[in-house]
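1. Provide a 3D model corresponding to the input given below.
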Amino acid sequence: MNELSLVAQAAFQPANTADIADALVNASGLRVDIQRRRGRGAGMNPGGRFEPTERVAYDDGWTTLEDMPPFRTEVQVEKPRTAITRNESPDIPFDRSVNPYRGCEHGCIYCFARPTHAYMGLSAGLDFESKLFAKPDAPRLLERELAKPGYKPRTIAIGTNTDPYQPIEREWRIMRQVLEVLQKANHPVAIVTKSALITRDIDILSAMAEKGLAKVGISVTTLDRKLARTMEPRASTPTRRLEAIRKLSEAGIPTAVMMAPVIPALNDHEIERVLDSGKAAGACEASYVLLRLPLEVSPLFRDWLLQNYPDRYRHVMSLVRSMRGGKDYDAEFGKRMKGAGPYAWQISRRFEMATKRLGLGRRSMQLRDDLFVPPNGSGVQLSLL
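-> Take a look at the predicted model:
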């Protein structure tokens, strides 16, 4: 069986078969030249799982692959019908969220949201971090939804899918407008980000936090700047994230340090150092999530690992599979965030001991929902009564 046959077979079968998986990450035909993807996280741009065909770059001699243009960030406007996305997952602490953007320019290789680009007919690889969608109508739609009769406020989570403070937020400012809507309505919000840009909105967040309406989680995956640069190429540096924790905390905004994800044999040795640094910066809570490799994320991550840390490839993947029932990923509720088995228990125990020593709570800060006032702005539909 030739290389392309193995690639095609891997694209349409689960990634829990080691020989096919390893054939995919070694398939040079899928890998994009480094000059075209400089500053990006993924090394490949395979077709989405719903696409009937797989496209492979191949130099037929008529031209050269080096002449192909580099991947540049493109932003399209998306027109959603609603702003609030709801879920019933039993292992996450929120039932609703808002996503100002689709795709994320940070380019984190491990991002579990990458497969969502398949719904747009795009790749979970380089497309996910370069072909982005902005939702400028999100603030108006959110205001209208909050004003609906019978709406019951509960904490809205933002940043649980793609980062609301990714670089394009500087220009589009959709996240700030969303916060302005929530502030006027006294609606609770919990934000997760790995961008220092969040400090721009301290004026809004501090006013909301004073009423018990806002809290923030800053994801610090590593203190190693080189690893961060490789793994999260366009996210804020670890130093800037810790500085963001300090500024938010000093402004009275409850802030958590999050180690998400913990990757065995790559950054798990830093658990205690990350928590120590977060506490020193002013964090009052802490949490972690084990590496998740659903669908297309698995071959993308394994290709990245093979290219950047080939000496650790087998060890990392062996430990990952030991915590996922022998597979690259187990999506079972209750296990997908923390894994199972001896190594997963060891990580959990280390985290527990470190947070106890530092006095870092785990989701101890509860936000208020009794101050909510339904919006009555210009975008709200008037009552017929």
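
2. Burial check on Arg49, number of neighbours?
-> Around Arg49 there are 14 other residues, counting by other CB atoms under 10 Å. C-betas here are computed from N, CA, C, even on glycine.

3. Confirm for me that Asp369 is in contact with Leu182.
-> No: look at Asp369 against Leu182 with CB atoms under 8 Å: they stay out of range, at 11.8 Å.

4. and the residue lying closest to Pro264 once chain neighbours are set aside, what element?
-> The spatial neighbour of Pro264 that comes closest, neighbours along the chain excluded (CB to CB, 6 or more residues apart in numbering), is Leu319 at 3.7 Å. Here Leu319, judged by DSSP states H and E, is contained in helix 313-322.

5. And Asp311, by the same measure?
-> Using DSSP H and E, Asp311 falls outside every helix and strand.

6. how many other residues sit next to it?
-> Neighbours of Asp311 using other CB under 10 Å come to 6.

7. And for the closest residue in space to Arg240 that isn't next to it in sequence, the neighbour number?
-> In this structure, Arg240 finds its nearest non-sequential neighbour in Ala196, 4.2 Å apart by CB to CB, 6+ apart. Neighbour count for Ala196, taken as other CB under 10 Å: 20.

8. ok, Ala196 - contacts?
-> The contact partners of Ala196, by CB atoms under 8 Å, 6 or more residues apart in numbering, come to Ser236, Arg240, Arg241, Glu243, Ala244.

9. right, and the pair among those with maximum separation?
-> Across these, the longest distance by CB to CB is 8.8 Å; it joins Ser236 and Glu243.

10. next one: phi and psi at Glu243?
-> phi -70, psi -40 (degrees, to the nearest 10).

11. now do Thr237
-> Torsion angles, degrees, to the nearest 10, at Thr237: phi -70, psi 160.

12. Kindly report the same for Val75.
-> phi -120, psi 120.

13. ok, back up a step: between Ser236 and Glu243, tell me which one has more neighbours.
-> Between Ser236 and Glu243, Ser236 has the larger neighbour count (other CB under 10 Å), namely 24 against 16.

14. Show residues contacting the lengthiest strand in the chain.
-> Taking DSSP state E as the criterion, the chain has its longest strand at strand 255-262. The contact list for strand 255-262 (CB under 8 Å, 6+ apart) reads 110, 192, 215-221, 245, 248-249, 267-268, 270-271, 274-275, 277-279, 281-292, 347, 351, 360.

15. Keep only those of these that are in strands.
-> Those of the contacts of strand 255-262 mapping onto strands are Val192, Lys215, Val216, Gly217, Ile218, Ser219, Glu285, Ala286, Ser287, Tyr288, Val289, Leu290, per DSSP E.

16. got TSV for these, with pLDDT too?
-> Formatted as TSV, the ones in strands among the contacts of strand 255-262 follow (pLDDT from 0 to 100):
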residue	pLDDT
Val192	98
Lys215	97
Val216	98
Gly217	97
Ile218	98
Ser219	98
Glu285	96
Ala286	97
Ser287	95
Tyr288	96
Val289	96
Leu290	97
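
17. Gly150: which of those residues is nearest?
-> For those, the residue nearest Gly150 by CB to CB is Lys215; the value is 26.3 Å.

18. What residues does the residue nearest to Pro264 make contact with?
-> Pro264, Ala265, Tyr343.

19. Identify the residues contacting the first one.
-> Read that as Pro264. Leu291, Val316, Leu319, Val320, Met323, Tyr343, Ile347.

20. Would you mind measuring from the fifth one to Met231?
-> Going back to what we said before, that points to Met323. To Met231, Met323 is 19 Å away according to CB to CB, to the nearest Å.

21. can you check the last one too?
-> Taking CB to CB as the measure, Ile347 falls 18 Å from Met231.

22. in terms of contact, does Ser130 touch Pro70 like I think?
-> No: between Ser130 and Pro70 there is no contact, the gap being 9.3 Å when judged by CB under 8 Å.

23. just to revisit the earlier point, residues of the helix holding Leu319 that come out buried?
-> Residues of helix 313-322 classed as buried by neighbour count (16 or more other CB atoms under 10 Å): Tyr313, Val316, Met317, Leu319, Val320, Arg321, Ser322.
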